[in-house]
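> Below is the sequence, then the predicted model.
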Amino acid sequence: MSLDYAGLFEKGLSYDTFLKTHGSDVHQQRWAAVHGEVRLTESQIELLSGFSRQMKVLVSAGAWCGDCVNQCPIFDHFAAANDRILVRFFDRDAHPDLADAISTCGAQRVPSVLFLSEDDYVCGRYGDRTLSTYRHMAVTQLGPSCPTGIGDVNIDLLKAVTAEWLAEFERIQLMLRLSGRLRKLHED
């Protein structure tokens, strides 16, 4: 299935608008709690500020989703660090075409991210969870304990997840920066 990525991107919502449109007060409070705990290091901010190619980031998410709560605020911090990182959010249920196009493991998993070049070519996709998250889940869910999903933000896990998402954003940025087609376009 082929999508009109340029048209779809224009329909995407900013972080705040997504939450106001699709999140209840409780959802918004949960996202705000994690957003307030995300801390980019000086070296992470320096890396992000050095991105020179525009990158479009389409995020299929659900305001109700715990995995989205624990990851999507990170993307807002990345976008705040560099105006070339254009993040747009899409409610999974309101945009099933996008959710189907980037489904993972046979399902519309969220958050799922589709990275596009400035001229709307697909560069990559990533989601629904990072390796650190899956490792944490394996430790807590495959053994005798089972977490409730309610409680304080796991700061160490949040740092690891932030680093893993940053590595993917950097990978896409380097792809864009080293693209022969884009280097010719930008004469660099």
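Sure, I can see it.

> Return the set of buried residues in the lengthiest helix in the chain.
In the chain, with assignment by DSSP state H, the single longest helix is helix 155-178. Neighbour-count burial for helix 155-178 flags 158-162, 164-166, 168-170, 172-173, 175-177 (criterion: 16 or more other C-beta atoms under 10 Å). Yep, even glycine has a C-beta here, placed from its N, CA and C like the rest.

> now that helix: mean pLDDT?
When pLDDT is averaged over helix 155-178, the result is 95.

> Provide the contact partners of it at residue level.
Outside of helix 155-178, the residues within contact range by C-beta atoms under 8 Å, 6 or more residues apart in numbering are 34, 37-40, 44, 47-48, 51-55, 57, 70-71, 74-75, 77-78, 85, 113, 115, 117-118, 123-124, 126, 130-133, 136, 182-183.

> quick one: which of the residues you listed sit in strands?
55, 57, 85, 113, 115, 123, 124, 126 (DSSP state E).

> So residue 75 sits against residue 12, correct?
No. Using C-beta atoms under 8 Å, residue 75 makes no contact with residue 12, being 11.9 Å away.

> And the two? Which one has more around it.
residue 75 (22 against 19; other C-beta atoms under 10 Å).

> Skipping its backbone neighbours, what lies nearest that one in space?
Closest residue in space to residue 75, ignoring its immediate chain neighbours: residue 87 at 5.0 Å, by C-beta to C-beta, 6 or more residues apart in numbering.

> Look at that neighbour and say how many residues are nearby.
Quick note: residue 87 (other C-beta under 10 Å) scores 22 neighbours.

> May I see the buried residues of the lowest-mean-pLDDT helix or strand in the chain?
Counting by mean pLDDT, DSSP states H and E, the chain has its least confident helix or strand at helix 131-141, which shows a mean of 83. Buried residues in helix 131-141, counted by 16+ other C-beta under 10 Å: 132, 133, 136.

> Any figure for the gap between residue 94 and residue 3?
Separation of residue 94 from residue 3 (C-beta to C-beta, to the nearest Å): 15 Å.

> neighbour-wise, which of these two wins?
Using other C-beta under 10 Å as the criterion, residue 94 and residue 3 rank with residue 3 on top: 18 against 14.

> Disregarding flanking residues, what is the spatial nearest neighbour of the more buried one?
Closest to residue 3 by C-beta to C-beta, 6+ apart is residue 101, at 5.6 Å.

> thought the one you found was touching residue 4?
No. Residue 101 sits out of contact with residue 4 when judged by C-beta under 8 Å, with a separation of 11.1 Å.

> out of these two, which sits in the busier spot?
Neighbour count, other C-beta under 10 Å: between residue 101 and residue 4, residue 101 has more, with 20 against 11.

> And the pLDDT at that one?
If you check residue 101, the pLDDT there is 91.

> Any regions of this protein where pLDDT drops low?
1, 143-153 (pLDDT under 70).
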